[in-house]
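Chemist: Requesting a structural model of the entry that follows:
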Amino acid sequence: MKEYNYQKGIFLILLLLTFIFLLEVLKVTASFSMPVCIAVMISFVFYPLIKKLNEKFKIPWAVSVIAIMLIMFITLFLLGNILVTSFKNIGNTFPKYEERFLKLYKTTAHIFNFKIDEDHSVFINLWNSLNLRSYVQTAAISVSNYIISTARLILLLILLTLFLLLEMSTFHEKILTAFSTKSHGVKAVEITDRIIKEVTHYISIKFLISLFTGILVFFCSYIADIDFPIVWGFIAFILNFIPTFGSILSWALTTAFTVMQYFPEWGKIIFIAASVLLINFVLGNIIEPKWEGSDLGISPFFILISLSIWSYVWGFVGMILAVPLLVIIKIACENFEPLRPVAALLGEIKTAKKKKDSSEPEEKV
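Modeler: You can find the predicted model right below:
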């Protein structure tokens, strides 16, 4: 009878407990760990471009990094100004929507038996019906804290990305020096290069798909004469980074605002609902999979699990980073022999079989 290898089982249990502990640490230290993770992802995306500028066009590494970071800062600054102006306009023009919103509320109130006072505004009715005082107080504190934390996060993010990109000019040499044997150092460099390649591949395609989604939603909103089309295009762009749920939320928000603006006229409401749904379906379910191919090879089930885990750890930002982090974990597991069964579980069956059949014997790390 073959004796069971208890050491491997104990190792996997300890590794799982360590992973859970690490998630809790990342959650507690989110104000620092989250910007570091974002900076690493951004550096992965910009690294191939900076390397090409340095090797092909002989542009000094530091000059390329500073130029790209300046472009990034200017883009964020201009985009921030546009969005701030748009949201201010939403606040200034909201009174004209109150009458339409009150009609919607009356319809909903009759369906769900909410109390309604015809002599009061929609906010007073909502306040009395749903006891919104505690929610409003919490939201006001959250918004104030969010504005301050966002400004601090962007500044920290730019500084971290800048210095990390400057350091990456010699990161191959540092990795080789960090290992006692040359073979292990070379293997570590190969793993790092593969992580950068696949993460860059995913983020680049996701960025382009999200950008096209945002532009098309903007044009549809503009054609339908929906107020603040830039805002709805931006929301579609940002939320599209979250697999599945982001597109649904973007569609729901845009459609809900259209209902508020044009109710009870259903022509433009149906147009926006159908067009945004079609845009998300075609770009997200037809074009994006063709562009990505089977390079990622991640199981959709574990993508959903990753979304749940990282949303718990880092909230909305964690949902955006969930897939790139899962790619990194999968690549690390593939190159560490005791964890290759985990990599097989994370991947799709076709991809796993293909890699198993075509792989050559690798050195154990």
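Chemist: Can you name the residues that contact the residue most central in space within the chain?
Modeler: Residue closest to the average C-alpha location in the chain (CA atoms, centre = their mean): residue 320, at 1.6 Å. By CB atoms under 8 Å, 6 or more residues apart in numbering, the contact list for residue 320 reads 241-242. For glycine as for every other residue, the C-beta is placed from the backbone atoms N, C-alpha and C.
Chemist: where does it land on pLDDT?
Modeler: pLDDT recorded at residue 320 is 90.
Chemist: Longest helix of this structure, counting residues only.
Modeler: Counting residues, the longest helix found in the chain (DSSP state H) is helix 182-223.
Chemist: end-to-end on stretch 176-189?
Modeler: End-to-end distance for stretch 176-189, by CA to CA, to the nearest Å: 7 Å.
Chemist: again with stretch 175-184
Modeler: Terminal-residue distance, stretch 175-184 (CA to CA): 10 Å.
Chemist: quick one: low-confidence ranges for the stretch 1-150 of the chain?
Modeler: Within the stretch 1-150 of the chain, the stretches with pLDDT under 70 are 1-6, 91, 93-149.
Chemist: With the stretch 251-365 of the chain instead?
Modeler: 292-297, 348-365.
Chemist: Which parts of it are helices?
Modeler: 267-282, 288-292, 300-334, 340-346, 349-358 (DSSP state H, counting those that start in this stretch).
Chemist: Buried deepest among the ones you listed, which one?
Modeler: Most buried of the helices of the stretch 251-365 of the chain by mean neighbour count (mean count of other CB atoms under 10 Å) is helix 300-334; its value is a mean of 19.
Chemist: Tell me what angle that one forms with helix 182-223.
Modeler: 150 degrees (axes from the mean of the first three to the mean of the last three CA atoms, to 10 degrees).
Chemist: how much distance is there from the longest helix of the chain to the middle of the chain?
Modeler: Relative to the mean C-alpha coordinate of its chain, helix 182-223 is positioned 11 Å out (CA atoms, centre = their mean, to the nearest Å).
Chemist: elements contacting that helix?
Modeler: Using 3 or more CB pairs under 8 Å, 6 or more residues apart in numbering; DSSP states H and E, the elements in contact with helix 182-223 are helix 30-56, helix 171-178, helix 229-239, helix 245-262, helix 267-282, helix 288-292, helix 300-334.
Chemist: Between these, which one is closest to residue 157.
Modeler: helix 30-56 (5.0 Å; CB to CB).
Chemist: Could you list the buried residues of that closest one?
Modeler: With burial defined by 16 or more other CB atoms under 10 Å, the residues of helix 30-56 counted as buried are 30, 33-47, 50, 53-54.
Chemist: repeat for stretch 161-174
Modeler: Here stretch 161-174 shows 161-162, 164-166, 168-169 as buried, counting by 16+ other CB under 10 Å.
Chemist: Ok, stretch 215-234 next?
Modeler: In stretch 215-234, counting by 16+ other CB under 10 Å, buried: 216-218, 220-221, 224, 226-234.
Chemist: distance between that stretch and the chain's centre?
Modeler: 21 Å.
Chemist: Can I get it in CSV? Just the C-alpha atoms.
Modeler: C-alpha atoms of stretch 215-234 as CSV (Å, rounded to 0.1, in the frame of the first residue of the first chain):
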residue,chain,number,x,y,z
ILE,A,215,-16.6,56.3,-26.6
LEU,A,216,-19.6,54.4,-28.0
VAL,A,217,-21.7,55.0,-24.9
PHE,A,218,-20.8,58.7,-25.1
PHE,A,219,-21.9,59.0,-28.7
CYS,A,220,-25.1,57.1,-28.1
SER,A,221,-25.9,59.4,-25.1
TYR,A,222,-25.0,62.4,-27.3
ILE,A,223,-27.2,61.3,-30.2
ALA,A,224,-30.1,60.6,-27.8
ASP,A,225,-29.6,64.0,-26.2
ILE,A,226,-29.0,62.6,-22.8
ASP,A,227,-27.5,65.1,-20.4
PHE,A,228,-23.9,64.8,-19.4
PRO,A,229,-22.8,62.2,-22.0
ILE,A,230,-19.2,62.5,-20.9
VAL,A,231,-20.1,61.2,-17.5
TRP,A,232,-21.9,58.2,-18.8
GLY,A,233,-19.0,57.4,-21.2
PHE,A,234,-16.5,57.7,-18.3
